[in-house]
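sharing a model that was predicted from the sequence below.
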Amino acid sequence: MKKITRSFLAVSLSTAMIFQNMVLVSNCEEINTTISEDTYISSKSIDNQDSTIQPDPEVNPHRSMGDVLSTYSLQSELPDLETKTLTKASSIGFGKVTANKLNVRSGPSTSYSIVGTLNNGENVEILGRDNNWYKISYDNLTGYVSASYITLSPIEKGIDVSKWNGTIDWKKVKADGIDYVIIRGGFGNATVDPQFESYIQGASDAGLKIGVYWFSYATSVTKAKEEAAKCLETIAPYRDKITYPVFYDFEYDSVDYAKKLGITITKDLSSKMADEFLTAIKNAGYITGIYTNKDFGDKYFYEDMLFANNLWIAQYSSACTYNRPYMMWQYTDKGTINGIGTSSEPAYFDMNYTYLKPTNNQTSSNKIDLSSSSVSEISSKTYTGSAIEPSFTVTLNNKILKENEDYTVTYSNNISIGTAKILIKGIGNYVGEKTITFKIVAPTTSKINLSSASVSEISSKSYTGSAIKPSVTVKVNGKTLSLNKDYTVTYSNNISVGTAKILIKGTGNYTGEKTITFKIIPKKISKVSLSKKTTNSLTLSWNKLDDVTGYKIYKYDSKSEDYEYLKTIKGASTTSFTDSNLTDATVYKYKVRGYKTVDGNAYNGFISNSFAESTKVKTVSNLNLKTRNATSLELSWDKVKNADGYRIYRLDTNTDTYKLVKTINNNTTTSYKHSNLVSATNYYYKVKAFKYLNGSNRYSDYSSRLKATTRPLQPSVILNSTKSKSIKVSWTNISKRATGYEVRMSTSKNGTFNSIGTTTNTSFTKVNLTKGKTYYFKIRAYRIVDGQKIYSLYSGIESIKCK
């Protein structure tokens with residue numbers, strides 16, 4: 001919820017892929033995630049300590065929950081996702097299966113029976129959530145599936161705001177497709193956001209859904225209770241307007257504040273404070289939630305609390321990779337609202353997507369006591385010198401429970417010969433604990449065969465041109481063996497791209513051997529760049545890789561929200577590719593990887609980072625002179641469909657360069673009047689179209705040149721008849737660059753004015769006229785440019801009687 005930039009505006013970026021725990025596997029069973037927890041020093045009690053000033057956390061934030069300082073965030077292009085509308089009252093979300101085969105079970109655990117299966121790509125309705133399981137509906141099938149294999153679609157888009165967003169036009173927010181707003185109620189135990197009342201009233205009047213967040217400075221359970229009371233007092237008048245959760249916002253700055261008071265925030269203390277706050281809010285009838293990110297949430301909140309609440313996850317990235325079901329994703333603090341802010345003074349907003357409809361009834365509240373469970377017997381184990389952790393089965397009410405989902409396990413006295421203990425403690429839907437024991441006995445003297453040893457899996461390695469020798473971990477009966485004491489290793493086929501082998505051979509107290517393999521794949525392409533672009537093509541190039549057969553090109557597809565295979569380039573030396581038949585002024589994204597074919601098998605290398613580039617904006621055509629005056633010229637041109645606007649340039653004859661004279665920020669205005677010009681003067685113009693693409697303005701090539709000449713000034717006529725039968729016509733207000741003047745005469749004011757001559761002088765005498773007759777005159781100046789006469793406007797008509 002960082003507002004360092006106050007009311008400055010962000011730029012919109014191109015669309016990108018978004019997923020929740022996306023995995024693609026064959027014939028999968030559900031995976032249960034285990035989150036490791038560190039141990040922290042206990043907090044000091046400050047229930048009786050004097051209060052300390054609590055600053056607005058957004059005045060000088062130490063660290064934002066979603067920015068690149070978070071180890072879980074990736075700074076990248078921003079997503080622009082289409083939201084789906086829930087059509088059934090029973091649904092809380094939409095999802096798509098990402099496994100080739102996904103079991104549907106009768107309950108939220110792998111111990112429940114299978115009632116059906118789902119295939120990759122099938123769409124399901126989400127009816128509810130129970131820890132890391134979704135209750136789903138598909139055709140006539142209803143049951144539970146692991147959340148790890150379901151990608152959710154966003155159902156609503158929203159923003160979150162505090163006083164630092166300044167005055168907000170809520171009608172423009174609603175008109176830009178925003179469905180909801182999360183408003184800061186305040187912070188600490190005493191401060192209300194000064195904009196809270198006006199924001200909640202304005203958002204409500206505009207038809208937006210509303211939620212609230214309260215920033216916490218709590219350092220004890222008592223302080224958290226005080227903050228909850230202040231929050232409830234603040235939001236009570238608006239109870240009927242709040243349909244989104246009231247979020248508990250405890251961040252890095254909260255921990256730093258406590259540290260300055262000499263207090264260490266532990267996971268236990270943080271979880272208890274959150275529980276105190278959220279329980280008070282829930283008891284008042286509101287939906288509750290927690291604002292956090294992965295590294296902060298794992299460190300400061302117990303897992304059962306994270307599963308039990310609506311999670312609002314901060315991760316400023318093109319994709320949210322959080323590994324538990326979450327309700328909302330805050331993906332940037334640099335979003336924009338159409339019509340709010342300008343290009344010179346932008347206004348930034350935190351942007352969010354909602355994936356699950358908020359509810360306080362996502363998990364079961366009836367917990368079962370584990371103390372009456374039955375545990376399978378553990379046979380005696382042979383002493384190894386290392387910790388022994390045997391597996392076992394926990395059964396309760398004829399149901400087999402799942403470790404780290406229904407219970408946790410703690411081993412003690414499990415190294416030395418004697419009686420070891422196992423403490424089984426309920427989590428999730430279970431409470432209570434149970435202790436069991438097993439015997440550790442002295443080992444026999446016979447050698448152990450390594451053929452049944454377990455060996456750590458080795459991930460694919462990048463080709464280096466040298467021998468690759470990854471280390472391995474070898475275990476027998478839970479004991480980790482020592483290299484060169486218990487076994488030796490020999491590597492083969494471990495230089496070139498392909499499948500390398502490791503021979504593990506027993507020594508000392510071990511015998512036998514075991515062979516494992518790992519893959520060597522082409523290294524990652526370090527840089528993809530642009531070689532050339534046109535209005536309908538992009539040419540990419542990349543660095544050449546060694547030991548490859550060729551390269552594979554992938555292109556981002558906004559419909560599938562993924563990179564799709566586009567082209568195979570054969571030959572390691574061909575390091576460029578042209579993608580044709582593209583749309584002008586459009587951003588395209590690509591990834592490239594090397595590959596090598598070995599014995600008919602393709603070894604695909606690590607894929608490059610995404611490369612984004614736009615095609616050229618189309619060149620302005622048909623640049624013409626629309627209107628000519630003595631001190632102005634009006635230009636016109638054909639509309640460029642995909643442009644955001646145009647830039648008009650005029651030749652500076654002193655420097656022989658074209659300089660910008662006007663920017664037009666829309667593509668419908670296709671004319672421009674250039675004023676304050678010099679009469680009877682040549683001017684030269686070119687025009688460029690532009691479009692905001694991929695983070696900056698992209699410009700077309702110059703249009704063809706237009707040469708345009710201003711009219712000469714309109715002369716003023718003076719008549720004189722001092723000689724018999726002749727009239728002298730003279731004029732003023734002349735242009736220095738006029739070539740000459742055309743004189744016209746008529747015998748009546750409304751008659752036909754015929755040309756009686758041209759001259760380069762500023763006077764003209766007409767002779768052989770009729771004495772006593774009245775004559776009418778008008779003149780116009782002209783300049784000859786490229787063989788064409790450019791005329792001024794006619795002077796006013798003047799008359800005189802001839803002597």
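Yes, it's here.

mind checking how far stretch 428-438 is from the chain centre?
44 Å (CA atoms, centre = their mean, to the nearest Å).

please apply the same query to stretch 293-302.
22 Å.

buried ones in it?
For stretch 293-302, a neighbour-count test (16 or more other CB atoms under 10 Å) marks 293-294, 296-302 as buried. Glycine gets a C-beta too; all of them are placed from N, C-alpha and C.

what does stretch 232-252 give?
232, 234-235, 238, 241-242, 244-252.

first to last residue in it, what's the distance?
24 Å (CA to CA, to the nearest Å).

same check on stretch 614-628?
Note: stretch 614-628 ends 38 Å apart using CA to CA.

please enumerate residues in contact with the one helix or strand Gly143 maps to?
Using DSSP states H and E, the element containing Gly143 is strand 141-146. With CB atoms under 8 Å, 6 or more residues apart in numbering as the test, strand 141-146 has contacts from 30-31, 97, 102-109, 112, 115-116, 118, 124, 127, 130, 132-136.

and these, which of them are buried?
Applying 16+ other CB under 10 Å to those, the neighbour count classes 30, 97, 102-105, 108-109, 112, 116, 118, 124, 127, 130, 132-136 as buried.

would you map the strands across the stretch 1-150 of the chain?
93-97, 101-105, 114-119, 123-130, 133-138, 141-146, 150-153 (DSSP state E, counting those that start in this stretch).

got the ones you listed as CSV, with distance to Ser730 and mean pLDDT columns?
Output for the strands of the stretch 1-150 of the chain, formatted as CSV (distance: least, CB to CB, whole Å; pLDDT from 0 to 100):
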stretch, distance to Ser730, mean pLDDT
strand 93-97, 86, 94
strand 101-105, 98, 94
strand 114-119, 96, 93
strand 123-130, 89, 91
strand 133-138, 96, 91
strand 141-146, 99, 90
strand 150-153, 83, 94
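
any chance of the ones you listed in CSV, plus distance to Thr435?
CSV is the format used below for the strands of the stretch 1-150 of the chain (distance: least, CB to CB, whole Å):
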stretch, distance to Thr435
strand 93-97, 40
strand 101-105, 30
strand 114-119, 33
strand 123-130, 28
strand 133-138, 29
strand 141-146, 30
strand 150-153, 37
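
those strands: which one's closest to Arg705?
strand 150-153 (51.6 Å; CB to CB).

run the chain-centre distance for the closest one.
Centre to centre, stretch against its chain (CA atoms, centre = their mean), the figure for strand 150-153 is 17 Å.

do the same with stretch 734-750
Distance of stretch 734-750 from the chain centroid (CA atoms, centre = their mean) equals 67 Å.

check which residues of that stretch are buried.
Quick answer for stretch 734-750 (16+ other CB under 10 Å): 734-735, 737-739, 741-746.

parallel or antiparallel, which strands does the helix or strand bottoming out on mean pLDDT in the chain pair with?
Ranked by mean pLDDT, DSSP states H and E, the weakest helix or strand in the chain is strand 368-369, scoring a mean of 75. According to DSSP bridges, strand 368-369 forms sheet pairs with strand 430-431 (parallel).

now for the very next helix or strand once past the strand it pairs with, which elements pack on it?
Heading C-terminal from strand 430-431, the first helix or strand you meet, by DSSP H and E, is strand 433-441. Strand 433-441 sits against strand 381-382, strand 418-426, with contacts defined as 3 or more CB pairs under 8 Å, 6 or more residues apart in numbering; DSSP states H and E.

averaged pLDDT, strand 433-441. What do you get?
Strand 433-441 carries an average pLDDT of 92.

and it, what's buried?
434, 436, 438, 440.

got a list of contacts for it?
Under CB under 8 Å, 6+ apart, the answer for strand 433-441 is 370-371, 373, 375, 378-383, 388, 390, 392, 414-426.
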